[in-house]
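Q: starting from these lines, generate the structure:
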Amino acid sequence: MAVPMRMPGEEKKRSPSRHMLTVDRRESVVVTGVTDVISFDEETVIGETEMGVIIIRGINLHVNRINLESGELSVSGEVDGINYENPSGTGKGKSFLGRLFK
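A: Residues are numbered from 1 along each chain as shown. Predicted coordinates for the structure are as follows:
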């Protein structure tokens, strides 16, 4: 069986996954459709999803699992809030990253 070869610089294309957000008792969050994790610490987890940038805020946050192949992010801790920023180029005003790096 022949294995398809990729040319140098050619990225592996991910199949589009469905974005879904599941919160369980404000103690754990599972996000699907994640394309990148921008940053995380004990108070904030910032990720890029198919629906825009997601910001998870809380106390003692711990990233349990990041799997960009399947697009899944799992976070536990005391979740205080979840916000979305519009994907760049949509909506009014600057994107989250645009405001962050101004």
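Q: what helix or strand is the residue lying closest to Val34 once chain neighbours are set aside on?
A: Residue nearest to Val34 in three dimensions, not counting chain neighbours: Leu73, with 4.5 Å by CB to CB, 6 or more residues apart in numbering. No exception for glycine: its C-beta is placed from N, CA and C like everyone else's. Using DSSP states H and E, Leu73 sits in strand 72-85.
Q: then Arg18?
A: Counting by DSSP H and E, Arg18 is found in no helix or strand.
Q: pretty sure it sits against Val31.
A: No. In this structure, Arg18 is not within contact of Val31 by CB atoms under 8 Å, at 11.2 Å.
Q: looking at the two, which is more packed in?
A: The neighbour comparison of Arg18 against Val31 (other CB atoms under 10 Å) goes to Val31, with 23 against 8.
Q: quick check: bridge partners of the spatially closest residue to that one that is not a sequence neighbour?
A: Leaving aside its sequence neighbours, Val31 sits nearest to Leu73 (CB to CB, 6+ apart; 4.5 Å). Beta-bridge partners of Leu73, counted by DSSP bridges, are Val31, Ile66.
Q: same question, the one 5 residues further on
A: Here Glu78 sits in beta bridges with Ile59, going by DSSP bridges.
Q: swap in Phe40?
A: Per DSSP bridges, the residues bridged to Phe40 are Val45.
Q: just the pLDDT at it, thanks.
A: Looking at Phe40, its pLDDT reads 96.
Q: any idea how far it is from Arg18?
A: 23 Å (CB to CB, to the nearest Å).
Q: ok, now Val53?
A: Distance from Val53 to Arg18, by CB to CB: 18 Å.
Q: same thing with Asn60?
A: Asn60 sits 29 Å away from Arg18, taking CB to CB as the criterion.
Q: the closest residue to Ile54 other than its chain neighbours: neighbouring residues, count only.
A: In space, and not counting its chain neighbours, Ile54 is closest to Gly47: 5.2 Å by CB to CB, 6+ apart. The tally of other residues near Gly47 (other CB under 10 Å) stands at 22.
Q: surely Ile82 touches Arg26?
A: No. Ile82 is beyond contact range of Arg26, at 9.9 Å (criterion: CB under 8 Å).
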